[in-house]
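> My questions are about this predicted structure, shown below with the sequence.
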Amino acid sequence: MSASTLTLVAERAIYLSSVQDTEDRKAIARGLRERDPELLDFLIETYKFRLFRYLLYITANKERAEDFFQETWIRVLERGHQYDGKSKFEGWLFAIARHLVIDWQRQKKMQSLDSLMEPEQGAPLELVNESEPSPLSQVLSQEQETAMQSSLGQIAAIYREVLVLRFQEEMRIEEIAAVMSTPASTVKSRLYRGLEALRTALPEGIA
């Protein structure tokens, strides 16, 4: 098979994947408008680990993460008509979760995600198990992954969040910017600073 043929095949595959993705988003938008209970069950089952992991990392507190997890899905049910299917569902879902955390912080007379209480130094975040390992955990040993979780817990939440979205959720810079309602340039800056902070926090031999 020639190089030009391979290129055409690859382009066709990308196009079909894009069409399917668009159709899936439209189906989700339609189901949410109709408050389809089976769709909601499917979405919860599909995104429950990723959503809880995200909330756990940005709050550094399991009980708070569980509360926000439940409230996020209530908001999805209540505001499902607002999802138009033009963007990825997970970005919209994470944005809801993030706004809940920020609203809670503001009620505590704090101004932003920067003010989230930090966990105890060196205390690893306890993540639930999942049959499918994350892209990050696939390249780390158990000892390295524990060290990574502990180190993430030591850096500021505003940097921890962007690292999780980029490397755990594999979101593009533009998608992260949409979740955080911030310019892509800000995301890039936080990503750079977060990587520097993580490199400093990691035990010697892990970084």
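Received it, and whenever you're ready, just let me know what you need. Source: prediction; values computed, not measured.
> ranges for the helices of the chain?
3-33, 37-59, 62-79, 89-107, 135-138, 142-152, 157-163, 173-180, 184-201 (DSSP state H).
> These: lowest mean pLDDT?
The minimum mean pLDDT among those belongs to helix 135-138 (a mean of 47).
> From Glu169, how far out is Glu45?
Distance, Glu45 to Glu169, using Cβ to Cβ, to the nearest Å: 17 Å. Quick note: C-beta positions are derived from backbone N, CA and C, even for glycine.
> Neighbour count for these two, which is higher?
Glu169 (19 against 9; other Cβ atoms under 10 Å).
> so who does that one touch?
Neighbour list for Glu169: Arg50, Tyr54, Glu90, Phe94 [criterion: Cβ atoms under 8 Å, 6 or more residues apart in numbering].
> Near the second one, how many other residues are there?
For Tyr54, the tally of surrounding residues (other Cβ under 10 Å) stands at 27.
> residues touching the closest residue in space to Thr72 that isn't next to it in sequence, list them.
The shortest distance from Thr72 to any non-neighbouring residue, by Cβ to Cβ, 6 or more residues apart in numbering, is to Ala97 (4.5 Å). Residues counted as contacts of Ala97 (Cβ under 8 Å, 6+ apart) are Leu51, Tyr54, Leu55, Phe68, Phe69, Thr72.
> right, and the fifth one touches Leu55 too?
Translated: Phe69. Yes - using Cβ atoms under 8 Å, Phe69 is in contact with Leu55, at 5.7 Å.
> Can you pick out the residue with more neighbours from those two?
Leu55 (25 against 18).
> What sits closest to the more buried one if chain neighbours are left out?
Excluding its sequence neighbours, the residue lying closest to Leu55 (Cβ to Cβ, 6+ apart) is Ala65, at 4.0 Å.
> Contact partners for the one you found?
Phe52, Leu55, Leu56, Thr59.
> quick one: it from Ala197, how far?
Counting by Cβ to Cβ, the gap from Ala65 to Ala197 is 21 Å.
> same deal with Phe42?
The value you get for Phe42 to Ala197, if Cβ to Cβ is used, is 37 Å.
> The two: who's more crowded?
More crowded of Phe42 and Ala197, by other Cβ under 10 Å: Ala197, with 19 against 13.
> ok, now which ones touch that one?
By Cβ under 8 Å, 6+ apart, the neighbours of Ala197 are Ile155, Ala156, Tyr159.
> circling back to that earlier point, any chance of the contacts of Ala65 in a markdown table with distance to Ile173 as columns?
Shown next, in a markdown table, are those (distance: Cβ to Cβ, whole Å):
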| residue | distance to Ile173 |
| --- | --- |
| Phe52 | 24 |
| Leu55 | 22 |
| Leu56 | 23 |
| Thr59 | 23 |
